[in-house]
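**Q** Sequence and predicted model, in that order:
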Amino acid sequence: MRSVDVSKETRTQVVKLFLDANVLFIAAPNPNGKAAFVLELSQKGRWSVVSSSFAMEEARRNLEAKFPDALVSFDKLLRTVGVVPDIAEKTCPIELPEGDAPIFLSALGARCSHLLTGDRKDFGRFMNEPKRTSGVVIQTVADFLSKL
């Protein structure tokens, strides 16, 4: 069992995490990893965790291709993740590739405090820059956990 000391600052803020497809993808076959730990702590009430059908389906496709044995774990972890609406028809306020804009727009539309992603290529220049991202803190799972 892992333990974490959540600071008073984090406890008093509403923390709502949006998980990108790559975070969901890595959590399923790695139950002792950092992404799975974020989900574990959400079940203990530390924060809420959401994602979109768009992200969930992308994660599922990638798991089917690369780690099909992890699909049972994936379906189990999805029961702990809230589903927010997919938003793709709006203009994205930050410059992202077509496949990543719906992820950011869904996180923004759901009023998430954080978007957790492992996609440094497309999101990297916006990480830890909430003034540039309409208040959403974009971070890797490791960065998010290190701030606790």
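**A** Right, received. Where do you want to start?

**Q** quick check: longest helix of this structure.
**A** helix 53-66 (DSSP state H).

**Q** So what's the model's average confidence on that one?
**A** On average, the pLDDT along helix 53-66 is 97.

**Q** Confirm for me that residue 27 is in contact with residue 78.
**A** No. Residue 27 is beyond contact range of residue 78, at 9.9 Å (criterion: CB atoms under 8 Å). C-beta here means a position set from N, CA and C on the backbone, and glycine is covered the same way.

**Q** Of those two, which one has the most company?
**A** Applying other CB atoms under 10 Å to residue 27 and residue 78 shows that residue 27 carries more neighbours, namely 27 against 17.

**Q** Could you list every helix and strand that whichever strand or helix holds residue 39 packs against?
**A** Assessed by DSSP states H and E, residue 39 sits inside helix 34-43. Of the remaining helices and strands, those touching helix 34-43 by 3 or more CB pairs under 8 Å, 6 or more residues apart in numbering; DSSP states H and E are strand 16-19, helix 21-27, strand 48-52, helix 141-146.

**Q** For the residue nearest the centre of the chain, name its beta-bridge partners.
**A** With distances taken as CA atoms, centre = their mean, the chain has residue 19 as the residue nearest its mean C-alpha position (1.5 Å). Counting by DSSP bridges, residue 19 forms beta bridges with residue 116.
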